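Colleague: Sequence and predicted structure are below.
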Amino acid sequence: MCGINAIFSFTREGDFSPAVKAMNDCLAHRGPDNEGIYSQPGIALGHRRLSIIDLSAAGNQPMRSPFANQVIVFNGEIYNYREVRAKLSAYQFGTNSDTEVLLAAWKEWGMEALNHLNGMFAFAIWDEDTRKLTVVRDRLGVKPVYFSFSKERILFSSEVRALIGSGMVNRKISRDALEEYIRYQTVHAPNTILSDVQMILPGHYITVSGSSWETKPWWIPEADNDKQALSYEQTCKETRRLFRASVERRLVADVPFGAFLSGGIDSTAVTGMMTEVSGTRVKTFNISFDNSEFSEAKYARIIAKKFNTDHHEINLTPGHFLNELPAALNAMDHPSGDGPNTYVVSKETRDAGITMALSGLGGDELFAGYGIFTRAYSLEHKKWIGRVPKFMRSAGGSLLKAVKPGIASDKIADVLSSDEITFETFYPKSREVFTKEQAGKLCGPTGFTGPDLQIVYGHNHLARDQFFLSHVSLAEMTTYMQNTLLRDADQMSMAHALEVRVPFLDYELVNFVLNVPDQWKFPSTPKKLLVDSMKDLLPDEIVNRPKMGFTFPWKNWMKNELKDFCESHLNYLSDEKILNGTELRNLWSRFLRDDKSITWSRIWHLVVLGHWMKKNNIHG
């Protein structure tokens, strides 16, 4: 796990080594073990290394191919690099690193090499002979790649801050993205909060040569009729086999590893499978609280005892968390409504000597673990709602808002007043923190009223009547998971040079489960398919426990310990005319008066935005 940078000049001129050095410095936290720069007229590559596989200096980057005039900078891990290496027996390898295997595979197969890889990765390969730069992002978007282009050049990096640190990128906020951030607490790829910065989409690549660049997809989930025809027993057996293989792949490392253990279904499945396939005692990490209302510690202890893990319980007091909060916000590369929780557990895990940890992230999205799955399924099978005249639906929505004010009622009313009521209109509203109308008021008269969130709700090969839950999974994966959960996991774990691996996002497992029909996957009980596939690993008290997740007393903090901090950064947004000051002050005042429709989560991401813009000197 590392950080990568690249600058390419369309004019073939310029020494970019100083700029790449500045970018590398911005990524020092991602790769404390080594730094490297490759520079030729018109091109420069930079790398910061966190050593996970082949800890020797031979694995340092940028790495030059001994087989061709190609140079690579690589962030991530190729989990099956040993299998790929075995297919390249004609090559004489000089290292034991997955980076060199990737270079050899690129020489042998070109772009086709990507189809041989199982891993999480973002890399840039420069071909000196053809003067072509290729930048690739992994299938599910576990590793980020940001870029910025102008008439003269194009820049790439693992982080937004490194692009800013180059001195070549405009520090101006995107008014289009601002409204989206207000509505969803994030900005969805390919856009970012900055007007001149974009992201490469998951499963896509960019090629740059001459005076132009283009981006194309290289992977989408595939149909598999044979898998779709399996019985339920066969489906459970195959799910377990693929999950076991995924965990086993992700234990390939030359450094100490562990697991985040919340005590929920997903982290328990990961921990149990790690114990099954690992030859060593697994180290597990759990955040606990003095206040049992917020603590999942007792469930984590049950699992730690069951699998005899080396368990580390991180007792977190409100004071401890608040002390860490400024550092967590300073570590934020792109503003988000979430993240500090991951920062704290990553810090404690790294302090315990762990360099790589496995996480249960992705289990909810893949195995229908959120309430949105059953709500969307119910809506999909109630076609009669859409046949009710719009004026009647709108009236019902208005009545609901009056009787039960709040964001939930606002969103339901918004759905009911739509011209059509479909999953495509319902889902974007389900993820809103503010409705489009409310966000427009906060943006003020200069705000941009952009389009609704565009979701990838399915592919033509997934018949909607049989695989509707897979459509919901794809919507979750391509919006909330990729643009909030994975982004936060990357920026907060890498703030401590901790590599986080996510076995639920192995593409073979993902592709298989997406091809499982609704009848086998419907969550009549919590994550039924996953639980039935892992029965020996998942005790009843874990399966049937209440779903909690990390919970903090944010409302009380924001009214007391964090009140001045919140007001300061909300005022910054107002003073800089980034948001409508009148609307913002009204929102804050209603929150302080305990207006039930203004929850803490509708304020906090605005505070974070103000902090991030002020810290990074971003202009409106």
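Modeller: Nice, thanks for sending it over.

Colleague: Contacts only, for the residue positioned nearest the centre of the chain.
Modeller: By CA atoms, centre = their mean, the chain has its centre lying nearest to Leu486, at 1.5 Å. Listed by CB atoms under 8 Å, 6 or more residues apart in numbering, the contact set of Leu486 reads 140-142, 144, 361, 502. Heads up, the C-betas are built off the backbone N, CA and C, glycines and all.

Colleague: run the last query once more with 7 Å
Modeller: 141-142 (CB atoms under 7 Å, 6 or more residues apart in numbering).

Colleague: Which stretches in the stretch 51-200 of the chain count as helices?
Modeller: Along the stretch 51-200 of the chain, counting by DSSP state H, counting those that start in this stretch, helices occupy 81-86, 98-109, 160-165, 175-184.

Colleague: Mean neighbour count, distance to Gly14 and mean pLDDT for these - can I get that in JSON lines?
Modeller: Shown next, in JSON lines, are the helices of the stretch 51-200 of the chain (neighbours: other CB atoms under 10 Å; distance: least, CB to CB, whole Å; pLDDT from 0 to 100):
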{"stretch": "helix 81-86", "mean neighbour count": "17", "distance to Gly14": "34", "mean pLDDT": "96"}
{"stretch": "helix 98-109", "mean neighbour count": "23", "distance to Gly14": "26", "mean pLDDT": "95"}
{"stretch": "helix 160-165", "mean neighbour count": "24", "distance to Gly14": "17", "mean pLDDT": "97"}
{"stretch": "helix 175-184", "mean neighbour count": "21", "distance to Gly14": "29", "mean pLDDT": "92"}
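
Colleague: coming back round to it: return the distance of the residue nearest to the centre of the chain relative to Gly360.
Modeller: Per CB to CB, to the nearest Å, Leu486 is found 13 Å from Gly360.

Colleague: Ala408 versus Val135, what's the distance?
Modeller: For Val135, the distance to Ala408 (CB to CB) stands at 41 Å.

Colleague: Quick check on those two: which one has the bigger neighbour count.
Modeller: Val135 (25 against 13; other CB atoms under 10 Å).

Colleague: I figured that one hits Trp213, correct?
Modeller: No: look at Val135 against Trp213 with CB atoms under 7 Å: they stay out of range, at 9.2 Å.

Colleague: joint contacts of those two?
Modeller: Contacts common to Val135 and Trp213, judged by CB under 7 Å, 6+ apart, are Ile206.

Colleague: what's the pLDDT at Phe448?
Modeller: At Phe448, the model reports a pLDDT of 49.

Colleague: should've said Phe321
Modeller: So, for Phe321, pLDDT stands at 80.

Colleague: That one: how many residues sit nearby?
Modeller: Quick note: Phe321 (other CB under 10 Å) scores 19 neighbours.

Colleague: what do you get for His47?
Modeller: Neighbours of His47 using other CB under 10 Å come to 30.

Colleague: So it lies in a helix, does it not?
Modeller: No: applying DSSP: H, G, I helix; E, B strand; the rest coil, one finds His47 to be strand, outside a helix.

Colleague: if I look at it, how far off is Cys566?
Modeller: 38 Å.

Colleague: Equivalent analysis for Arg249, please.
Modeller: According to CB to CB, Arg249 stands 43 Å off from Cys566.

Colleague: wouldn't Ser209 be in contact with Asp129 here?
Modeller: No: the criterion here is CB under 7 Å, and Ser209 misses it with Asp129 at 11.5 Å.

Colleague: Just want to know which of those two has more residues nearby.
Modeller: The neighbour count for Ser209 versus Asp129, taken as other CB under 10 Å, is higher for Ser209 (15 against 8).

Colleague: What score does that one have for pLDDT?
Modeller: Ser209 is assigned a predicted lDDT (pLDDT) of 95.

Colleague: Phi and psi next, for it.
Modeller: For Ser209, the backbone dihedrals are phi -160, psi 150 (criterion: degrees, to the nearest 10).
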